[in-house]
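> Just the structure for this:
(chains A and B)
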2 protein chains.
Amino acid sequence: MSRKVMSEVLKSRTLLYRSFGEPEKVLELATVDVESEPKKGQVLVQWLASPINPLDINSIQGVYVYRPTPPVIGGSEGVGRVVKCSPGSAFSKGDHVTLFTMNTPFWTEYGIVDEEDLLKIDNRISVPMAATLMVNPPTAWVMLKDFIDLSPGDYIIQNSANSGVGRSVIELCKAFGYKSINIVRDRPAIESLKTELWKLGADHIFTEEEFAKEGRKFVKTLSSPPKLAMNGVGGRSSLGIAAVLEKGGTSVTYGGMSKKPHEFSTSALVFNDVRVRGVAVGMWMRQPENEEKLELCLREIQELAVAGKLTATPMDHVPLERFQEALRKSMESRQKKQLLIISAQTSPSKL
Amino acid sequence: MSRKVMSEVLKSRTLLYRSFGEPEKVLELATVDVESEPKKGQVLVQWLASPINPLDINSIQGVYVYRPTPPVIGGSEGVGRVVKCSPGSAFSKGDHVTLFTMNTPFWTEYGIVDEEDLLKIDNRISVPMAATLMVNPPTAWVMLKDFIDLSPGDYIIQNSANSGVGRSVIELCKAFGYKSINIVRDRPAIESLKTELWKLGADHIFTEEEFAKEGRKFVKTLSSPPKLAMNGVGGRSSLGIAAVLEKGGTSVTYGGMSKKPHEFSTSALVFNDVRVRGVAVGMWMRQPENEEKLELCLREIQELAVAGKLTATPMDHVPLERFQEALRKSMESRQKKQLLIISAQTSPSKL
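Modelled structure (predicted):
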């Protein structure tokens, strides 16, 4: 009998879309067959958890720069565990892994994956943290490490400080000894948000309104002005944080949550020699010249996660079958990030 | 008898201000005494012509970053001729010169000047061109030469193409073999302005409205997208020219004529890796690390001016005593630049 007939076929619950469109309409929960026997150079992975990132929404809508051909299994980031290896594999059963590829079909219970597309994730890292390790923490790391040289004691400033990237920035600054000035939008229960960010290690926190009023005066009281601004918002907010940089300072944009263009003043650009850059971490990671830095980045991030110095952003854990509720919340403002729990076998206690 | 008693005192008509304020109110035409005998290391200069730059208006209003203590003799740029040297001078009678100092008292007929503060200007360059050689052409040169490497045939794009800097950009691109895409504000007689800029060597000209409509489509027809954008306007205009840059292209801001913040899109910064910089040429010139480049810049600019490849921007020539009219026009929009003719002895035919 051939090996093929011997191998069991796994039924894998899968969230996929057959055409681009509104996520709630086009995403469907299907069951697909997955071979249970990996070929040489492949492993069988059980996917455990995957967040719904803004990028997922854009991809499903068909408005993201990278547009795969449907049908597409959703997901952009996640963690799984190796359940079966082929002989001679570099992986072992039980290893936690993530995909590092252009196609990232995380939203399915099982997948046969080429080993060269997988990265091992330290098993001591919690599943929610491991599932969200490849976008926000590296974005923060790259902004802090790849544009200018910072030394312990240097100040940085950021808006959107309570976003996933913003929280990683706070924790990495704390770990690296940089002082963070953090700006958040005003909201009900602002004090409890501030308390959360203090606990993460924020050095200074302002609402946008507070900073517009007192920011410049405050920065004058520091031993030196911020060297680096990190901008995920745009509009007047980008202008405000770039305006307090030291001469020759750098502002790095990673997102435009306000949907407004990023603004910079003539005095910042012309007289204060502020340099404005942008970063898309997915593109950064795939540039061959960043290979060594990427290795360092992922090593440091995992070490900090193991040490509990880099923590998962607060998320709602939602089982796969309640994906519509999770999608809806992902598209509303001021909702927590939604983490899809892909595999039912994963007991909630393990998360 | 002492030498001092022997020396004649020159009566020098001088435009000065004793306090900061509205230029038309605070500027006054006075007569000051100037020693006619330069000491060792000094020369006596007769100032010939000096433009009214936006920076002059800001300085007189007291809103410029550099704020000298009044009384202050006006002027930021100009040309004079050496009328008397001390023994052993590096200068000769008749040399054309300009000041390269923080204090720039050009608006006076005569001045005793330290030789170390003077730069020789090639006497073959016309007085209007020589009087406007130190701000606009170097700004254009620095933007084209000091941020990225351009090769003949490469495209650049600029707004404010009919400004002094814009015209220098067009002429330098023509001289260096770069292709210029030029954007101007719509206005009455737009066709005659376009004709003027074609004659200077512009490769492509659009109004802001035309470019907003057809710019992206047009850029797709080029052999390669522009590598460099030069922005003197801000607002939506900066966004438009940065949006058509090649991946990793650079946008350099030198002014903010619209008085609006400079805008850049998320897709330009984050996904197209556009780098935004600014330049204040006065500050650039004074940075010790730019000394060699500055020498090259001034040599090339003078060679091009002598060869007729770099020409003076259209200006009204206004005698010193009609300074109020010149100031008024300087502060109105869509007026030509005003060139103060400082010394009456200079016959208009020599200009």
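
> Tell me which stretches of chain A form helices.
A:3-6, A:23-26, A:54-61, A:127-131, A:136-145, A:164-176, A:190-200, A:208-220, A:235-242, A:266, A:281-285, A:291-306, A:323-331 (DSSP state H).

> can the ones you listed go into CSV with extra columns for distance to chain B, mean neighbour count and mean pLDDT?
Where you see a C-beta, it was placed from the backbone N, CA and C, and this is true even at glycine. As requested, these are arranged in CSV below (distance: least, CB to the nearest CB, whole Å; neighbours: other CB atoms under 10 Å in any protein chain shown; pLDDT from 0 to 100):
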stretch, distance to chain B, mean neighbour count, mean pLDDT
helix A:3-6, 43, 8, 51
helix A:23-26, 21, 17, 96
helix A:54-61, 11, 19, 93
helix A:127-131, 23, 24, 98
helix A:136-145, 10, 24, 98
helix A:164-176, 12, 24, 98
helix A:190-200, 24, 15, 97
helix A:208-220, 14, 15, 97
helix A:235-242, 5, 23, 97
helix A:266, 3, 23, 96
helix A:281-285, 7, 19, 94
helix A:291-306, 16, 17, 98
helix A:323-331, 18, 18, 95
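
> any idea how far residue A:272 is from residue B:242?
Plainly put, residue A:272 is 19 Å away from residue B:242 if you go by CB to CB, to the nearest Å.

> possible to save the helices of chain A as JSON lines with distance to residue B:156?
Formatted as JSON lines, these follow (distance: least, CB to CB, whole Å):
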{"stretch": "helix A:3-6", "distance to residue B:156": "61"}
{"stretch": "helix A:23-26", "distance to residue B:156": "42"}
{"stretch": "helix A:54-61", "distance to residue B:156": "32"}
{"stretch": "helix A:127-131", "distance to residue B:156": "45"}
{"stretch": "helix A:136-145", "distance to residue B:156": "29"}
{"stretch": "helix A:164-176", "distance to residue B:156": "34"}
{"stretch": "helix A:190-200", "distance to residue B:156": "44"}
{"stretch": "helix A:208-220", "distance to residue B:156": "35"}
{"stretch": "helix A:235-242", "distance to residue B:156": "25"}
{"stretch": "helix A:266", "distance to residue B:156": "21"}
{"stretch": "helix A:281-285", "distance to residue B:156": "25"}
{"stretch": "helix A:291-306", "distance to residue B:156": "31"}
{"stretch": "helix A:323-331", "distance to residue B:156": "41"}
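
> of all the ones you listed, which lies closest to residue B:76?
helix A:266 (17.7 Å; CB to CB).

> For that closest one, report the contacting residues that lie outside it.
Applying CB atoms under 8 Å, 6 or more residues apart in numbering or on different chains, the contact partners of helix A:266 are B:234, B:253, B:255-256, B:261-262, B:278.

> Please determine how far residue A:50 is located from residue A:104.
9 Å.

> more crowded one of the two?
Neighbours per residue (other CB atoms under 10 Å in any protein chain shown) separate residue A:50 from residue A:104, with residue A:50 holding more: 30 against 24.

> Report the contact partners of that one.
Here residue A:50 is in contact with A:75-79, A:106-107, A:131, A:339-340, A:342 (CB under 8 Å, 6+ apart).

> For whichever residue of the stretch 51-200 of chain A sits closest to chain B, give me its contacts.
Residue nearest to chain B within the stretch 51-200 of chain A: residue A:65 (5.8 Å; CB to the nearest CB). By CB under 8 Å, 6+ apart, the contact list for residue A:65 reads residue B:271.

> so residue A:260 makes contact with residue A:234?
Yes. Using CB atoms under 8 Å, residue A:260 is in contact with residue A:234, at 4.8 Å.

> Neighbour count for the two, which is higher?
residue A:234 (25 against 16).

> I'd guessed the more buried one sits against residue A:259; true?
Yes. When contacts are counted by CB under 8 Å, residue A:234 is listed as touching residue A:259 (7.4 Å).

> give me the number of residues near residue A:333?
6.

> backbone phi and psi for it, please?
phi -80, psi 160 (degrees, to the nearest 10).

> if we can go back for a sec, inside strands: which ones of the contacts of helix A:266?
B:253, B:262, B:278 (DSSP state E).

> Restrict these to those that also contact chain A, please.
B:253, B:262, B:278 (CB under 8 Å from any CB of the partner chain).

> can you list those residues in TSV and add neighbour count and pLDDT?
Formatted as TSV, those follow (neighbours: other CB atoms under 10 Å in any protein chain shown; pLDDT from 0 to 100):
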residue	neighbour count	pLDDT
B:253	28	98
B:262	30	98
B:278	25	98
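
> can you tell me which of the residues you listed lies nearest to chain A?
Closest to chain A, out of all of these and judged by CB to the nearest CB, is residue B:278, at 3.0 Å.

> what about the nearest residue to the closest one once chain neighbours are set aside, neighbour count?
The spatially closest residue to residue B:278, leaving aside those adjacent along the chain, is residue A:269, at 3.0 Å (CB to CB, 6 or more residues apart in numbering or on different chains). Close neighbours of residue A:269, defined as other CB under 10 Å, add up to 30.

> again with residue A:13
17.

> cool, the one 4 residues further on as well?
The burial count assigned to residue A:17 is 21, neighbours taken as other CB under 10 Å.

> dump the residue contacts of the closest residue to it other than its chain neighbours.
Spatial nearest neighbour of residue A:17, excluding adjacent residues (CB to CB, 6+ apart): residue A:26 at 4.3 Å. Residue A:26 is in contact with A:17-20, A:60, counting by CB under 8 Å, 6+ apart.

> Please apply the same query to residue A:134.
By CB under 8 Å, 6+ apart, the contact set of residue A:134 is A:77, A:98, A:100.

> since we're on the residue nearest to the last one when sequence neighbours are not counted, how many residues are nearby?
Taking CB to CB, 6+ apart, and ignoring the residues beside it in sequence, residue A:100 has residue A:119 as its nearest neighbour in space, at 5.0 Å. Residue A:119 has 14 neighbours, counted by other CB under 10 Å.

> Return the residues in contact with residue A:119.
A:97-100, A:298.

> Also residue A:323?
Counting by CB under 8 Å, 6+ apart, residue A:323 touches A:15, A:27, A:29, A:107, A:340.

> closest to residue B:160 among those?
For the contacts of residue A:323, the closest approach to residue B:160 (CB to CB) belongs to residue A:27, at 48.1 Å.

> Show me the beta-bridge partners of the closest one.
Residues in a beta bridge with residue A:27, per DSSP bridges, are residue A:17.

> That one contacts residue A:60, correct?
Yes. The pair residue A:27 and residue A:60 qualifies as a contact (CB under 8 Å) at a distance of 6.5 Å.

> overlap in contacts of those two?
Common neighbours of residue A:27 and residue A:60, counting by CB under 8 Å, 6+ apart, are A:17, A:74.

> quick one: residue A:262 and residue A:139, what's the gap?
16 Å.

> what does residue A:34 give?
Counting by CB to CB, the gap from residue A:34 to residue A:139 is 32 Å.

> same thing with residue A:180?
15 Å.

> same deal with residue A:225?
To residue A:139, residue A:225 is 23 Å away according to CB to CB.
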